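Visitor: here is my input, please return the structure:
(one chain, ligands or ions: 1)
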Amino acid sequence: MIPTSLDWCQTQDANDPLAPMKDRFDLPEGIIYMDGNSLGVLPKGVKERVADVVSREWGTDLIKSWNTADWINLPSRVGAKIAPLVGAKPSEVVMADSTSINIFKVAAAACAMNKGRTKVISEPGNFPTDLYMLQGLTEFLGPDYTLEIVDRDKIVDAIDDNTAVVLLTHVHYVTADMFDMAGITKAAHDKGALMVWDLSHSTGAVPVDLNDAGADFAIGCGYKYLNGGPGAPAFVYVAERHLGKAKQPLTGWFGHANPFDFVDTFRPAADIRRMLVGTTGVLAASAFETALEAFDGVDMQVVRKKSQALTDLFIALCREKLSGYGVGIVTNENPAKRGSHVSLSCDDGYAVVQALIERGVIGDFRAPNFMRFGFTPLYLGFEDTYRAVEIMAEIFQTGVWKEPRFSAKGAVT
Ligand SMILES: Cc1ncc(COP(=O)(O)O)c(C=O)c1O
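Guide: Numbers count the residues shown, from 1 in each chain. The predicted structure follows:
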């Protein structure tokens, strides 16, 4: 039995080795933020960095800053800072574009490396953009190519000698179910397929070891647990053994071996920079670079331990305080098999989440009926978790969520 008393939660906070990390963030007073899996909070130093980039690097130094402020190497510098969080070498990761664009690039590169094989595999209910990008890619590659969407318990059996690529999201965006990265990667390799991992809900939340798992490619978001800011650039990983061979189809000048030669013929960079396309968005990239300092010296095993303790506590509190209100636990109750968020099913979930937000507890809602709560151990505590469930229980008890304003839907849910 997991203790669920307020006293116990306060003791956990008092003994939490990560508690001082909260000071690395600018969190609004009185907010319990449980949406870091969607948009991470503002790390300290980012405001100042962006202001400096705007006023000095851009405003005063103008175009010289491509050299004097080293703007040109922002993608590699940010990539190198992400690398230790995903178990990669600094030379294997680069910041680039959005996750959607990167999915297209790496899946296309993998198909090209596995010519003659025409099947791409993913799973139903994967994040929509993953499936949409693979649909677009396989249609674009022509009628020989198929996208097979296979239930997760049948994926290993579906991989065969016609499979070019398997693309999966390591931690599921709704359920938080976590794949066995090393096991699935091995199963793909045993059949000669290449493996792409979407790490959007993993990076900065759970320890990831791409090198150890033997993964071929990976991509992931910058704006979730990495706190890179709204619409932050994403990242791409290519295993060192593929770096000379992986050719992506969006052959823009930033991926050229020598962009400033201005020659007519594309020649890819020999290194990870071949995954770049066009000019870096310097403001967003600079914000992201400073945001990543929040992870300096952080041990991801300690983060994982706290994340599992927080999610265990949340699930236990939900069982205790929300019974009888039609709330189901969607997320796997085995902490080893889930990432760092918990989803609850609830028919009136949208309105309940809006009522929570009004009371300073920020989670989110995913159609058709999931309330999603992210646990970011660097700035969320045990008492926060206790209070969040206490407030949710009060919302159900009073029925306040039934007020019509909580059912009004914005463009973004
Ligand atoms: C698994 C996964 N992949 C990709 C994305 C988003 O991709 P993009 O940043 O290109 O919109 C998300 C966003 O939530 C996601 O959860």
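
Visitor: for the closest residue to Y325 other than its chain neighbours, give its distance to L322.
Guide: Leaving aside its sequence neighbours, Y325 sits nearest to F396 (C-beta to C-beta, 6 or more residues apart in numbering; 4.2 Å). (C-beta placed from N, C-alpha, C; glycine too.) According to C-beta to C-beta, to the nearest Å, F396 stands 6 Å off from L322.

Visitor: name the residues of stretch 300-309 that are buried.
Guide: By 16 or more other C-beta atoms under 10 Å, the buried positions in stretch 300-309 come out as 300, 303-304, 306-309.

Visitor: for the residues you listed, give me CSV that also has distance to L378.
Guide: Shown next, in CSV, are these (distance: C-beta to C-beta, whole Å):
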residue, distance to L378
M300, 11
V303, 7
R304, 12
K306, 9
S307, 10
Q308, 15
A309, 14
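
Visitor: restrict these to contacts with the ligand.
Guide: Residues of the buried residues of stretch 300-309 in contact with the ligand (C-beta under 6 Å from any ligand atom): none.

Visitor: closest one of those residues to G45?
Guide: Distance ranking of the buried residues of stretch 300-309 against G45, using C-beta to C-beta, places V303 first at 19.8 Å.

Visitor: the closest one and the ligand: what is the separation?
Guide: 19 Å (C-beta to the nearest ligand atom, to the nearest Å).

Visitor: mind picking the two most distant members of the buried residues of stretch 300-309?
Guide: Greatest spatial distance among the buried residues of stretch 300-309 (C-beta to C-beta): M300 and A309, at 14.8 Å.

Visitor: is Q10 in contact with F382, as I believe?
Guide: Yes. Checked against C-beta atoms under 8 Å, the pair Q10 and F382 is within contact range at 7.4 Å.

Visitor: more neighbours, those two?
Guide: Ranked by neighbour count (other C-beta atoms under 10 Å), Q10 and F382 place F382 first, with 23 against 14.

Visitor: check contacts around the more buried one.
Guide: Residues in contact with F382 (C-beta atoms under 8 Å, 6 or more residues apart in numbering) are 8-10, 12-13, 16, 309-310, 313.

Visitor: now stretch 157-167: buried residues?
Guide: For stretch 157-167, burial by neighbour count (16+ other C-beta under 10 Å) applies to 158-159, 163-167.

Visitor: one more: stretch 323-338?
Guide: By 16+ other C-beta under 10 Å, the buried positions in stretch 323-338 come out as 325, 327, 330-332, 335, 338.

Visitor: residues in contact with the residue nearest to Y325?
Guide: F396 touches 322, 325, 327, 352, counting by C-beta under 8 Å, 6+ apart.

Visitor: closest one of these to the ligand?
Guide: The ligand has its nearest neighbour among the contacts of F396 in V352, at 21.1 Å by C-beta to the nearest ligand atom.

Visitor: any idea how far that closest one is from K191?
Guide: Applying C-beta to C-beta, the value for V352 to K191 is 45 Å.

Visitor: the more surrounded of these two?
Guide: V352 (24 against 15).

Visitor: close to the ligand: what parts of this structure are there?
Guide: Listed as neighbours of the ligand in the chain under the rule C-beta under 6 Å from any ligand atom: 98-100, 127, 129-130, 169, 173, 198, 200-201, 221, 234.

Visitor: most neighbours of all those, which one?
Guide: The residue in those with the most neighbours, by other C-beta under 10 Å, is C221 (29 neighbours).

Visitor: beyond the one helix or strand H189 maps to, next helix or strand please.
Guide: H189 belongs to helix 181-190 when assigned by DSSP states H and E. Note on helix 181-190: by DSSP H and E, the next helix or strand toward the C-terminus is strand 194-198.

Visitor: show me what that following strand is packed up against.
Guide: Counting contacts by 3 or more C-beta pairs under 8 Å, 6 or more residues apart in numbering; DSSP states H and E, strand 194-198 packs against helix 99-113, strand 163-169, helix 181-190, strand 217-220.

Visitor: re earlier: the helix or strand hosting the residue nearest to Y325: how far from the chain's middle?
Guide: Using DSSP H and E, F396 maps to helix 382-398. In terms of C-alpha atoms, centre = their mean, to the nearest Å, the gap separating the centre of helix 382-398 from the centre of its chain is 26 Å.

Visitor: which parts of it are buried?
Guide: In helix 382-398, counting by 16+ other C-beta under 10 Å, buried: 382-389, 392-393, 395-396.

Visitor: in CSV: the buried residues of stretch 157-167, plus pLDDT.
Guide: What follows is those, written out as CSV (pLDDT from 0 to 100):
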residue, pLDDT
A158, 98
I159, 98
T163, 98
A164, 98
V165, 98
V166, 98
L167, 98
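
Visitor: report the buried residues of the helix holding H189.
Guide: For helix 181-190, by 16+ other C-beta under 10 Å, it's 181, 184-185, 187-189.

Visitor: for stretch 406-413, same thing?
Guide: So, applying 16+ other C-beta under 10 Å, buried residues of stretch 406-413: F406.

Visitor: circling back to that earlier point, most neighbours among the contacts of F382, which one?
Guide: The contacts of F382, ranked by neighbours (other C-beta under 10 Å): first place L310, 26 neighbours.

Visitor: pretty sure A19 contacts E383?
Guide: No. Checked against C-beta under 8 Å, the pair A19 and E383 is beyond contact range at 10.7 Å.

Visitor: now for the two: what residues contact both?
Guide: Common neighbours of A19 and E383 (C-beta under 8 Å, 6+ apart) are D13.

Visitor: which one of the contacts of F382 is nearest V206?
Guide: The closest of the contacts of F382 to V206 turns out to be L310 (C-beta to C-beta; 12.8 Å).

Visitor: please name the nearest non-neighbouring residue to the closest one.
Guide: Nearest non-adjacent residue to L310 (C-beta to C-beta, 6+ apart): F375, at 4.4 Å.

Visitor: do the same with K105
Guide: Q248 (3.9 Å).

Visitor: in three-state terms, label the one you found for me.
Guide: coil (DSSP: H, G, I helix; E, B strand; the rest coil).

Visitor: thinking again about what came up before, tell me how far the residue nearest to Y325 lies from S286.
Guide: The gap separating F396 from S286 is 44 Å, by C-beta to C-beta.
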